[in-house]
Structure formats: structure tokens, C-alpha cells
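Student: no letters, just coordinates:
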């Protein structure tokens with residue numbers, strides 16, 4: 001069985017994107033949660049245009065360190081697993097999660113495993129948006145199995161964080177002994 005990983009990331013606006021347009025995008029996002037009827041259609045059109053513009057904005061490590069970090073994480077994950085990794089973003093960046101899932105299915109993989117660094121329960125992206133994107137992908141690509149490797153065991157997350165604490169405290173102790 002051939003597997004492909006999709007790394008579902010949040011996304012961030014690039015720092016050099018026009019601030020008034022980011023402000024409008026956020027305002028439209030909030031208004032769309034509370035409006036219906038003909039006004040909604042107009043707002044959705046403008047939101048879609050701004051969303052496409054920000055997602056297509058050229059990215060560099062300088063104007064979007066989150067994007068660069070996401071690609072770096074994907075490269076590390078690919079080396080560790082030996083499986084191809086495709087990055088998809090919930091917001092602000094291309095490719096969208098839907099596009100990444102479609103790319104993964106286009107590889108003729110038997111199974112697409114979706115992971116995210118969003119580790120705790122309660123987040124809208126990890127609990128609502130990512131599962132919805134996976135459902136849509138399953139409808140578009142019924143020949144491909146989509147598996148969401150989430151939620152993570154809270155013990156495993158705590159173990160990882162405890163290891164980070166140990167690294168930080170050991171590093172600060174050795175730094176202090178060198179002074």
C-alpha cells in the first residue's frame with residue numbers, strides 16, 4: 001500500500017501584504033458568520049477575491065517565516081517517514097488544504113494520512129475545518145482512503161513537551177555553568 005502524508009498547517013498572512021486588505025479579510029470573515037441572504041453573496045465574493053489574493057502572494061522566509069517553517073517541518077517529516085509530504089494550509093497560504101488533498105490523491109496513493117501540528121483539542125481548524133476538508137476529498141476521490149491521524153494522545157503530547165522542558169533546562173544549566 002502506498003501512502004502520502006498531507007501536513008495540515010494553519011497559515012499566516014505575509015508581512016508585506018497590504019494591511020488594509022488583511023483587515024478587510026478579517027472583517028469579512030467575522031461578518032460572514034452572522035449574515036444571510038443577498039448580502040452574504042456579495043460578502044462571499046469579496047472574501048473569496050481577497051482570500052485568493054493573499055494565498056497567491058509571493059512568500060519568502062523574510063515575509064512569511066511561518067510558511068518557511070511549515071515547509072521545513074514537511075521536509076523533516078518526509079526524511080523521518082520516508083513518505084512524500086504535501087503541505088496544505090487552512091488560511092492565508094497556498095496551497096489550500098483542499099488543493100493539497102487533491103494533489104495527494106493525484107499521486108495514485110492508496111492512502112493519504114493527514115497530520116497537523118495543532119496538538120490540543122478545542123481548535124476550530126483541527127476539529128472542524130480539517131475533518132470537513134477530508135470529507136470533501138473523500139467525496140471527490142472515492143478510490144483513495146483518507147486517514148486523519150488526530151487527535152493525539154494527551155500523554156504523548158505531554159511527553160513531547162516534557163522532553164522540550166528537559167532540553168531547555170539542561171541547556172540553561174550548561175550555559176550557566178559556562179559563565
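Tutor: Ah, there it is. Just so you know, these numbers come straight off a predicted model, no measurement behind them. Residues are numbered from 1 along each chain as shown.
Student: phi, psi of the residue nearest the centre of the chain?
Tutor: Closest to where the C-alpha atoms of the chain average out (Cα atoms, centre = their mean) is residue 9, at 1.3 Å. When read as degrees, to the nearest 10, the backbone of residue 9 gives phi -110, psi 160.
Student: now the nearest residue to it once chain neighbours are set aside: how far from residue 159?
Tutor: In this structure, residue 9 finds its nearest non-sequential neighbour in residue 70, 4.5 Å apart by Cβ to Cβ, 6 or more residues apart in numbering. In short, each C-beta sits where N, CA and C put it, glycine included. From residue 70 across to residue 159, the span is 24 Å (Cβ to Cβ, to the nearest Å).
Student: those two - which one has more neighbours?
Tutor: residue 70 (23 against 10; other Cβ atoms under 10 Å).
Student: what's in contact with the strand or helix carrying that one?
Tutor: Secondary structure assignment for residue 70, by DSSP states H and E: helix 65-81. Helix 65-81 has contacts (Cβ atoms under 8 Å, 6 or more residues apart in numbering) with 5, 7, 9-12, 14, 59-61, 84-87, 89, 93, 115, 117.
Student: now, which of these lie within helices?
Tutor: The helices, defined by DSSP state H, take in nothing from these.
Student: ok, of the residues you listed, which come out buried?
Tutor: Buried residues within the contacts of helix 65-81, counting neighbours by 16 or more other Cβ atoms under 10 Å: 5, 7, 9-12, 14, 59, 84-87, 89, 93, 115.
Student: what about the longest helix in the chain?
Tutor: Max-length helix for the chain by DSSP H is helix 154-178.
Student: isn't residue 87 right up against residue 10?
Tutor: No - using Cβ atoms under 8 Å, residue 87 is not in contact with residue 10, being 11.3 Å away.
Student: what's the domain layout of the chain?
Tutor: The record's domain parsing of the chain by automatic domain parsing lists 1-11+62-148, 18-56, 152-179.
Student: poorly predicted segments of this structure, please.
Tutor: Per-residue confidence for the chain (pLDDT under 70) gives these ranges: 172-179.
Student: quick one, strands of it?
Tutor: 3-9, 85-89, 111-115, 145-148 (DSSP state E).
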